[in-house]
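1. When you get a sec, could you give me coordinates for this:
(one chain, ligands or ions: 2)
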Amino acid sequence: MMGPMTRILLYTGKGGVGKTSIAAATALLSARRGYRTIVLSTDIAHSLADAFDVPLGPEPTVIEKNLWGQEPDVYHNIARYWSTIQKYMAELFSWRGLDAVLAEEMTVLPGMDELGNLLWIADHVESGDYDVIVVDAAPTGETLRLLSLPEASRWWIERIAPIGRRVSRIGRPMLERMIGVPMPRDEVFAAAERLLNRLDKVHRLLADPAQSSVRIALALEKLSIVEAQRSFTYFHLFGYPSDLVVCNRVLPSEMAGDGSFGGLRATQQRYLPEVEAQYAPVPVRTVPQFDREMIGTERLAEIGRALFGDDDPTSFFYRGRPYRVVAEGDEHVLEVLLPFTSRDAVQLTRDGDELLLQVDGLRRTIVLPRALVDAPTMGAKMEDGVLRIRFQGTKSTKSSKRGG
Ligand SMILES: Nc1ncnc2c1ncn2[C@@H]1O[C@H](COP(=O)(O)OP(=O)(O)OP(=O)(O)O)[C@@H](O)[C@H]1O
Ligand SMILES: [Mg+2]
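-> Ligands and ions are numbered 1, 2, ... in the order given. Modelled structure (predicted):
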């Protein structure tokens, strides 16, 4: 399948579910198929080196033939993209009477460190050095926020950056006297624009269904499942294609056989069909709970084989978007792909920012995008395997065109 485009696979999921192990295993199998593969940790609590049991550094390090690993250095990233902006913010805060040390502290925005790490994706795509980039990302909530930030950045680039150019024409000193705040210097606008353009580039790469897939790892337990559902909905609504859900550490029958884990296995086996129904048509695969420490390339390869068998781990296991929001005049329509289902079989319930779909007794939760939270639901109908739920237009929904 490998063409001139770099394949990007990003793994996310709740803490401890096995993201790092699965990302490492995927990268390993990809490299052994002959693809030049880099596995990049964007979680600031790196553990890739531990999974491979080899030292890794902030620059790509060879692990074996065709396989590189990287644990980016947060401070390097901040210096590279953020220091000019940070200096201005410190100036602004201290001008507002904030203590200099505190001002300095406040300018490291939460999430900047992981964002800096994500920027490496664009660097690796541009370098042409790799066929495949596997990202071991931070746990769900964090990644979501980071991934959707670039959407906001486009707004900044379009609205604020031109002001910067105007400011330099009018003259800083005069403007500062007029509005009474230190104005950012040209280089601050330039640095912000550079940073946001990079973020926008990463966003566009990750949202490109021709090259990227976001994959969700989860454990067959309530909290992990619920959190995975939220992120899955968000990924689809906001245009990040996902092609695979991985249930990790599924107890095999022989391990549960002696009785002590029988109850846990029974619970997992009950959750599995629910998870499959929730994500359909996106495939759900499982990895068994192994009875050894899964560290080093040979153990990781075992995880990889359990997950992919003879399949190419870089395949697109699903193409398409099970949810999307389209604008129709003043209204918005949430489209949900529900093949092989009739309207009668679907029950809809609205609960705050969530829409509960009950299909043949199985529940699916869709977290509504912000633009639809306040919009009343106007009914739903089924058309060619797509459930179309209409939302009344409100002022706030009119100005927003997300996910369409
Ligand atoms: N299928 C499995 N069988 C046995 N052990 C596993 C399996 N998957 C992962 N592990 C082990 O579980 C631990 C946690 O896995 P891992 O570090 O991959 O999770 P993670 O989601 O990346 O965690 P974090 O959120 O902390 O980054 C590791 O010690 C790993 O070796
Ligand atoms: Mg990890």
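
2. Next one: Ala371, what pLDDT does it get?
-> We have a pLDDT of 76 for Ala371.

3. That one and Met89, how far apart?
-> 29 Å (Cβ to Cβ, to the nearest Å). Just so you know, the C-beta spots here come from the backbone N, C-alpha and C atoms, and that holds for glycine as well.

4. Burial check on Asp312, number of neighbours?
-> Asp312: 15 surrounding residues under other Cβ atoms under 10 Å.

5. How about the one 10 residues further on?
-> In terms of burial, Pro322 registers 22 neighbours under the definition other Cβ under 10 Å.

6. Look at it and report its pLDDT.
-> At Pro322, the model reports a pLDDT of 72.

7. what helices or strands is the strand or helix carrying Asn77 leaning on?
-> Using DSSP states H and E, Asn77 maps to helix 74-81. With contacts taken as 3 or more Cβ pairs under 8 Å, 6 or more residues apart in numbering; DSSP states H and E, helix 74-81 sits against helix 112-127, helix 186-206.

8. what is the orientation angle of that helix with helix 186-206?
-> Per axes from the mean of the first three to the mean of the last three Cα atoms, to 10 degrees, the angle that helix 74-81 makes with helix 186-206 is 120 degrees.

9. what's in contact with helix 74-81?
-> Outside of helix 74-81, the residues within contact range by Cβ atoms under 8 Å, 6 or more residues apart in numbering are 44, 58, 86, 108, 112-113, 116-117, 119, 191, 194-195, 198.

10. CA-only coordinates of that helix in PDB, if you can.
-> This file holds the C-alpha atoms of helix 74-81, laid out as PDB (Å, rounded to 0.1, in the frame of the first residue of the first chain):
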ATOM      1  CA  VAL A  74      10.500  19.100  25.800                       C
ATOM      2  CA  TYR A  75      13.000  21.900  26.500                       C
ATOM      3  CA  HIS A  76      14.400  21.800  23.000                       C
ATOM      4  CA  ASN A  77      11.000  22.100  21.500                       C
ATOM      5  CA  ILE A  78      10.000  25.000  23.700                       C
ATOM      6  CA  ALA A  79      13.200  26.900  22.800                       C
ATOM      7  CA  ARG A  80      12.600  26.200  19.100                       C
ATOM      8  CA  TYR A  81       9.100  27.400  18.700                       C
END
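
11. Report the mean confidence score over it.
-> 71.

12. Stretch 222-234 now?
-> Here the average pLDDT along stretch 222-234 is 82.
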